[in-house]
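Asker: A predicted structure for the sequence below; I have some questions about it.
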Amino acid sequence: MALQETIEQTVTGLGYELVEIERTGGGLLRVTIDMPYLAGTPPDAVQFINAEDCEKVTRQLQFVLEVEGAEYSRLEVSSPGIDRPLRNEKDFDRFAGELIDITLKAPIGVAASAGSTVSASRKKFRGTLERAEPVGDQPGWQIVWSDEPAVKPGQKVSKKRIPAPLQALGFTLDEIQQARLAPVVDFKGRRPKPVADTSIET
């Protein structure tokens, strides 16, 4: 059985969702897990991964990977953190309305409309994720943003200043090279996103 499949079966069998598997230098095997998402769950009822969850998955993976004869020197199981990758349609559904960073496989090119300030060679964008009209048989998505410069602390903003217009970029998941939640820290505590990490030497 392939390593990806082995890890995914183990993680989901314990009641979690596999987000990402990474192999890095020095034999580190990093596994990122999350709580399964149920559509319609209110934001204040969303559960987060904690250290106990990571330890539980670590222990089970150590056993399974030893049985499978997988080669690695160190196993790390962690939560997705504030820059969680978006991998599939379910992830995009879950995080609609959130601020995300995307990298396109190809520059925007002709999609940069006349009069737009967006460069035709641009591939990276940050904006609010929204659902859009389907494209053929694929669900459509868009990100919406403003090129308004950020207001610096203590800076006064004129009430007469005209805000920069909103811009939107439509895309399908096939056009995305990488997508992640934008790592924005909320100090007001309204949406806590704790990060729990555990690294076990094996």
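Answerer: That came through fine.
Asker: now the helices for the chain?
Answerer: 3-13, 51-68, 89-94 (DSSP state H).
Asker: same list (those helices) but as JSON lines, adding mean neighbour count and distance to Ala168.
Answerer: C-beta: built from backbone N, CA, C; applies to glycine. Converted to JSON lines, these look like this (neighbours: other CB atoms under 10 Å; distance: least, CB to CB, whole Å):
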{"stretch": "helix 3-13", "mean neighbour count": "15", "distance to Ala168": "35"}
{"stretch": "helix 51-68", "mean neighbour count": "16", "distance to Ala168": "37"}
{"stretch": "helix 89-94", "mean neighbour count": "16", "distance to Ala168": "16"}
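Asker: lowest average pLDDT across those?
Answerer: Lowest mean pLDDT within the helices of the chain: helix 89-94, at a mean of 90.
Asker: ok so, going back, out of the helices of the chain, which is closest to Ala45?
Answerer: Taking CB to CB, helix 89-94 is the member of these nearest to Ala45, at 13.4 Å.
Asker: residue farthest from the centroid of the chain?
Answerer: In terms of distance from the mean C-alpha position of the chain, Lys160 ranks first, at 37.1 Å (CA atoms, centre = their mean).
Asker: how near is Leu28 to Gln4?
Answerer: 16 Å (CB to CB, to the nearest Å).
Asker: and for Gln62?
Answerer: Counting by CB to CB - Gln62 and Gln4 are separated by 17 Å.
Asker: chain neighbours aside, what residue packs nearest to Leu129?
Answerer: Leaving aside its sequence neighbours, Leu129 sits nearest to Ile100 (CB to CB, 6 or more residues apart in numbering; 4.9 Å).
Asker: ok, that neighbour - contacts?
Answerer: Ile100 is in contact with 86, 126-129, 143, 179-182, counting by CB atoms under 8 Å, 6 or more residues apart in numbering.
Asker: change it to 10 Å
Answerer: Neighbouring residues of Ile100 by CB atoms under 10 Å, 6 or more residues apart in numbering: 83-84, 86, 91-92, 125-129, 141, 143, 179-182.
Asker: likewise for Val144?
Answerer: Counting by CB under 10 Å, 6+ apart, Val144 has contacts 127-130, 132, 166-169.
Asker: narrow those residues to just the buried residues.
Answerer: 127-129, 132, 167, 169 (16 or more other CB atoms under 10 Å).
Asker: take the residues you listed and keep only those in strands.
Answerer: 127-129, 132, 167, 169 (DSSP state E).
Asker: and the residue sitting nearest the centre point of the chain, how far from Val184?
Answerer: Nearest residue to the geometric centre of the chain (CA atoms, centre = their mean): Pro85, 2.5 Å. Using CB to CB, we find Pro85 at a distance of 16 Å from Val184.
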